[in-house]
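sequence plus predicted model, see below.
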Amino acid sequence: MSKEEVIDYKKTKKRLDGRKMDEIRPLSIKVGVIPNADGSAYLEWGQNKVYAAVYGPREALPKHTQNPYKAVIKAVYRMASFSVPDRKRPGPNRRDHEISKVLSEALEKVVFVNQFPNTEIAVMVEVADSNAGSRVACLTAAACALADAGIPMRDLVSAVGVGKAFNEIVLDLNKDEEDAPDAVDVPLAIMPTTGEIVLLQMDGLLTRKEWDAVAALGIKGCQQVYEVQKKALTERFTVEELNKKAVEKAVGVEKNTKKEVVLEKKVDKVDKKEKESKTEKKGKDSKSKKVRK
Amino acid sequence: MSKKIVVPGELISEERKRLGSNVFVANGKIYAKVLGVSDVSKDQASVVPLEGKYLPKPDDVVIGVVTRVVFAGYGINLNASVDSFIPTKAIRDQLRVGDLVLAKVESVDELKEANLIFPRRLIGGEVFEVVPVRSPRLIGKNGSMLEILKKGTGCELIVGKNGRVWARNGNIESLKKVIAFIEENAYKNNLTNAIQDFFGVTLEEKFPYNQQRNNRVEESEVIEEESEVIDYSNVGELNE
Amino acid sequence: MRSTVLEYDISKVIELARVGKRVDGRALDEMRDFTITLNKFENAEGSAIVQLGETQVISGIKMLVDKPYPDNPNEGAISVGAELLPLAHGDYEYGPPSMDEIEVARVVDRGLRESKAIDFTKLCIKEGEAAFVAFFDFYAVNSDGNLFDAGSIAGIASFLNAKIPKLDEENRIVKQEYAGKIELKRIPLLTTFVKVGGRILVDPTYIEEKAAEARFSVATTDDGFMSAMQKGVGGSFTLEEVNYMIDTGFKVANETRKKLLKMVGKK
């Protein structure tokens, strides 16, 4: 498109979609959306919409994939056929495989993998809709899904796309900006507490000086993403004081004048059984010891 | 004592303290390892997890399900990361796939596989599952919650540390609802008292928990230290 | 957390079915509630998220221009694909399409195609040279059984809202611009049954599918036709049972159709 060549963000001071240079697109995350999974998350980031699920730690199969010293993080990145402007053919392509690999490696650093030898932690992400930046969206969602699965981690992973478009350093490029003639795309992920970088890719032309600006802006962006992740993970839980009323509200009031009599009887029965069993205790203990040998 | 919902990697204390569970130290500071509730007191910092699979520990009482039958023994699913194994000669009953087995964890090997002892088959009754890391709340401090549930519903009840609850007889419908409530609210304060008041049951004087309450001592909500109180000799009776 | 199916659960399903009951308290001929979220995915020409009980399916349609088949030079075509994503259940794996995936895709496809709900001639752009192919793909995101009916609902919801892309002079698709909609002449819907403990259960959950001796799906339309049937799993049905399932299928699908049309804002 020829009209884009005359766009200059330095002059317009505003981006094509009206954002400021250091502004990310609207981001929302919901965790626990896939009940079957051990942990899961659904993320919307601008037009990007991705699902992430974690299964594991579980026994790694086939056996030769097991590592006796640590868990294997197996991230898989896939796109739905309707998630791109031209239909994506079913089955993974080279891009899917590469992204799966870099996601696995980014997540391996944060998980305490040596706690679960011989297991795999499967992290699956599915892109349902996309508009530039789907891999960082997936990584952000995957980190939430891992935390939701209760997996011991050093930190979360927060990711963002950063780079250059239309003569300006910009945060969270969209598709139009990725298609700019001078576009530079830098997917970046950090451990937000320490600032260490766990994913970094780049394509495009960048000067050494521009890189400094890109890195600084990217890390700032990741911190914004981290706040959203933290909120998504913790907002389901509120520490509060419970009382009888709260239980009644959830369970329903026990109207049990009649029941109580029945229950009392049963409790008696159990008590009796306990007494009886205690007398037999000695004999049974000796049996169990035999079993142990 | 401060409590907060924390995410993995979140700073919970800048001071040196004894390390409780689910925390790690970096640069002299203490951080959370899992999504959970931080519990920082004067001399200890720990995190009580909110989600997660079962991590076997010695002396845990667990309820397993037979997933595999081979000549040498049985594969047992414990909701853990790897299945356990019970040799044929360790158990009197012939087991079939799907049978429920009550057992105790003797030790855990370097691959996190639990070695089970005293296996017994559970007959009849019903099994429900809860998030394994939340199941200690069903037992409560010194078994107080377990006692309340037993008294309140009249059920024969066994809580496996691996998130499986087995119940027979009594008011199972009510038990199910209360267990779901406890699971959902496992991290909240005053849970045991709320459930006790709901059922309107009293515990025996000698029960240590009760003394605490009478003395108006706040019940500690730290659940990692709680021990299982199941009279093991009773299990044979339950099977009959 | 609940993705390990235990033999224990299966025997309970069978036990209850024998006395005419189900684990979730549903009647034997009762569908689970469902919700539809329309056109969430903007890259698709039409899309739907369907939640049927705990089963969750995402689906979308992409329209491409292709040369018509030589034997039907004035017709477009549809194609249906299904993936049981490993996100959706601990039992699923990545890899080439499994037999289950192919079966569910083909049954949903036949229900739609054979009902003649879509007029393929309307998808033709220029006879013998160019026609639209509508690719409908659905993905299980969480699986609690009956992906047949969930896929079928997702298909109808997606097609009812699918837009036809605008073309330039050389019959190439102009992105983000549309010219017209796909019209459905009738609304075929699948209804799936399983036989458990000698009883017929509609809309099976994952565990009920595991407990099933046999499975049967029938696609029925609002104007009294059946457009596809499929019997699956090792067991068998008597003719009486099949007739019962067809009759119940019409009844259940009518209910589902009413709810569906209301949800997608038609009628």
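That came in fine, so what should we check first?

give me the element the residue in the stretch 151-293 of chain A positioned nearest to chain B is part of.
Proximity of the stretch 151-293 of chain A to chain B (C-beta to the nearest C-beta) peaks at A:Asp155, 3.1 Å away. Using the backbone N, CA and C atoms, a C-beta is placed for each residue, glycine as well. In the assignment (DSSP states H and E), A:Asp155 maps to no helix and no strand.

I figured it hits B:Phe24, correct?
No - here A:Asp155 does not reach B:Phe24: they are 10.3 Å apart, not a contact under C-beta atoms under 8 Å.

now for the two: what residues contact both?
Residues touching both A:Asp155 and B:Phe24 by C-beta atoms under 8 Å, 6 or more residues apart in numbering or on different chains: none at all.

neighbour count: these two, which is higher?
A:Asp155 (27 against 17; other C-beta atoms under 10 Å in any protein chain shown).

give me the nearest residue to that one, chain neighbours excluded.
B:Gly9 (3.1 Å; C-beta to C-beta, 6 or more residues apart in numbering or on different chains).

equivalent analysis for C:Pro68, please.
That would be C:Ala131: by C-beta to C-beta, 6+ apart, it lies 4.3 Å from C:Pro68.

repeat that for A:Lys30.
Nearest one to A:Lys30, counting by C-beta to C-beta, 6+ apart, is A:Tyr42 at 4.9 Å.

what's the answer for B:Ile76, then?
Nearest to B:Ile76 is B:Gly64, by C-beta to C-beta, 6+ apart, at 3.8 Å.

who touches that neighbour in this structure?
So B:Gly64 contacts B:76-78, B:84, B:100-103, B:116, B:119, B:160, B:162 (C-beta under 8 Å, 6+ apart).

how close does A:Leu233 sit to A:Asp129?
Remark: distance between A:Leu233 and A:Asp129 (C-beta to C-beta, to the nearest Å) = 23 Å.

same deal with A:Val225?
19 Å.

the more surrounded of the two?
A:Val225 (27 against 24).

what's the burial count for the residue nearest to A:Asp155?
For B:Gly9, the count of nearby residues is 25 (other C-beta under 10 Å).

that one against A:Arg154, yeah?
Yes - if you go by C-beta under 8 Å, B:Gly9 and A:Arg154 touch, sitting 5.9 Å apart.

how about the helices in the chain?
Chain wasn't specified; assuming chain A. A:9-12, A:94-108, A:134-148, A:175-178, A:208-234, A:244-251, A:257-292 (DSSP state H).

try again with chain B
Along chain B, counting by DSSP H, helices occupy B:136-139, B:144-153, B:172-184, B:191-199, B:208-214, B:235-239.

wait, does the first one contact chain C?
No - Helix B:136-139 lies out of reach of chain C by C-beta under 8 Å from any C-beta of the partner chain, never closer than 15.7 Å.

which secondary structure elements does that helix contact?
helix B:144-153, helix B:172-184 (3 or more C-beta pairs under 8 Å, 6 or more residues apart in numbering or on different chains; DSSP states H and E).

next one: the third one
With contacts taken as 3+ C-beta pairs under 8 Å, 6+ apart, helix B:172-184 sits against helix A:244-251, strand B:126-129, helix B:136-139, helix B:144-153, helix B:191-199.

give me the buried stretch members for that helix, please.
By neighbour count on 16 or more other C-beta atoms under 10 Å in any protein chain shown, the buried set for helix B:172-184 is B:172, B:174-179, B:181-183.

chain A contacts on the stretch 51-200 of chain C?
Within reach of chain A by C-beta under 8 Å from any C-beta, the stretch 51-200 of chain C has these residues: C:54, C:56, C:58-62, C:64, C:81, C:83, C:85-90, C:94, C:96-97, C:135, C:137, C:139, C:141-144, C:175.
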